[in-house]
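A.B. asks: all I have is the shape, not the residue letters:
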């Protein structure tokens, strides 16, 4: 009996084989399904595979990665971050990438540390699995419309924000990044899958398609792996929050202060952070439009504030447009 996702499985294996065959590679390894599967497949074709996990001592990712590396029979390196070194690393990342968005910094800091520590020129990453295989909790229990909005917004941010930042990181360290789950051949097969198969019904059914692929390839233990977002699983967010509290700042304010310190010698205009909570669907739909127009949420908020100042009020027209 044929495997129902055999074309997807073949595309994943082929992409990995073509990119790692006979090479010494490193893997940005979080100890979860996404990076675990690319590590297991890479082992079959690469000259050598070394797993790198960025995290604080005894963080969720470090414990999970240490355990999974033993099951995979692959060498593992703990790239340690702590209150003593994380500020300097963040400053280096800001300078190298020009990234000032607090969320992007917290999310991409792990890859920055892996590229910084790895001896290999080629780094394989599991980036994109959350967006294409629906790994985020926000995808659960959504209407068809809202699910599509959130999914499209997630992919758009991945392609327009995350990956460009990661490519700057790779360039800074003279590394080549291998993206398996965002490779056009793999994405093409994902697009042919019934959306209902991808849409999670609960926390356990997230990435169910990718889990089936792992099981069919002979790695059922990968399908059982639980995972936190990298910024939380690695302990990065907790470390930064601790440093922010010591300086009596909020998380975003602290990151902004580091950006100002690092970029003070440029012509970068001094900015202030705005903290707001909005409906996630409204946020996703608005940001998709902004990115399509080559703008950003920060620019939109500043324009809104400038209009409020000009009008001396928040005026709405009859059709509820500003």
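C.D. replies: Cool, got the structure. Note that the structure is a prediction, hence the values are computed from the model and not measured.

A.B. asks: pairing partners for the lengthiest strand in the chain, with directions?
C.D. replies: If you go by DSSP state E, the chain has its longest strand at strand 48-55. Looking at strand 48-55 with DSSP bridges, its partner strands are strand 24-28 (parallel), strand 76-80 (parallel).

A.B. asks: pLDDT of it, averaged?
C.D. replies: For strand 48-55, mean pLDDT rounds to 97.

A.B. asks: nearest spatial neighbour of residue 159, chain-adjacent residues omitted?
C.D. replies: Once flanking residues are discounted, residue 159 sits nearest to residue 182: 7.6 Å by Cβ to Cβ, 6 or more residues apart in numbering. In this view, the C-beta of every residue, glycine as well, is placed from N, C-alpha and C.

A.B. asks: helix or strand for that neighbour, which one?
C.D. replies: Counting by DSSP states H and E, there is no helix or strand that carries residue 182.

A.B. asks: ok, which stretches of the stretch 101-250 of the chain are strands?
C.D. replies: Remark: strands assigned in the stretch 101-250 of the chain by DSSP state E, counting those that start in this stretch are 122-125, 176-179.

A.B. asks: can you say which of those strands is packed in most?
C.D. replies: Stretch with highest mean neighbour count among the strands of the stretch 101-250 of the chain: strand 122-125 (a mean of 24; mean count of other Cβ atoms under 10 Å).

A.B. asks: for that strand, packing partners?
C.D. replies: helix 6-20, strand 24-28, helix 33-45, helix 102-117, strand 176-179 (3 or more Cβ pairs under 8 Å, 6 or more residues apart in numbering; DSSP states H and E).

A.B. asks: hmm, who's touching that strand?
C.D. replies: 16, 19-20, 23-28, 35, 38-39, 42, 111, 114-115, 166, 170, 175-180 (Cβ atoms under 8 Å, 6 or more residues apart in numbering).

A.B. asks: ok now it, how far from the chain's centre?
C.D. replies: 14 Å (Cα atoms, centre = their mean, to the nearest Å).

A.B. asks: partners of it, with directions?
C.D. replies: strand 24-28 (parallel), strand 176-179 (parallel).

A.B. asks: for the ones you listed, give me JSON lines that also has mean pLDDT.
C.D. replies: Converted to JSON lines, those look like this (pLDDT from 0 to 100):
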{"stretch": "strand 24-28", "mean pLDDT": "98"}
{"stretch": "strand 176-179", "mean pLDDT": "98"}
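
A.B. asks: got a markdown table for those strands, with distance to residue 131 too?
C.D. replies: Formatted as a markdown table, the strands paired with strand 122-125 follow (distance: least, Cβ to Cβ, whole Å):
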| stretch | distance to residue 131 |
| --- | --- |
| strand 24-28 | 16 |
| strand 176-179 | 12 |
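
A.B. asks: so where is this protein shaky, pLDDT-wise?
C.D. replies: Residue ranges of the chain with pLDDT under 70: 1, 227-231, 265-280, 283-285, 287-288, 290-296, 298, 306, 310, 315-322.

A.B. asks: show me the one of the strands paired with strand 48-55 that comes nearest residue 126.
C.D. replies: strand 24-28 (7.1 Å; Cβ to Cβ).

A.B. asks: distance from the chain centre to that closest one, please.
C.D. replies: On Cα atoms, centre = their mean, the centre of strand 24-28 falls 17 Å from that of its chain.

A.B. asks: now the angle between helix 102-117 and that strand, please.
C.D. replies: For strand 24-28 against helix 102-117, the angle by axes from the mean of the first three to the mean of the last three Cα atoms, to 10 degrees is 150 degrees.

A.B. asks: just to check, residue 65 is in contact with residue 29?
C.D. replies: Yes. With contact defined as Cβ atoms under 8 Å, residue 65 counts as touching residue 29 (5.4 Å).

A.B. asks: give the residues shared as contacts by these two.
C.D. replies: 51, 53, 76.

A.B. asks: which residue is the nearest non-sequential neighbour of the second one?
C.D. replies: Right, residue 53. residue 65 (3.9 Å).
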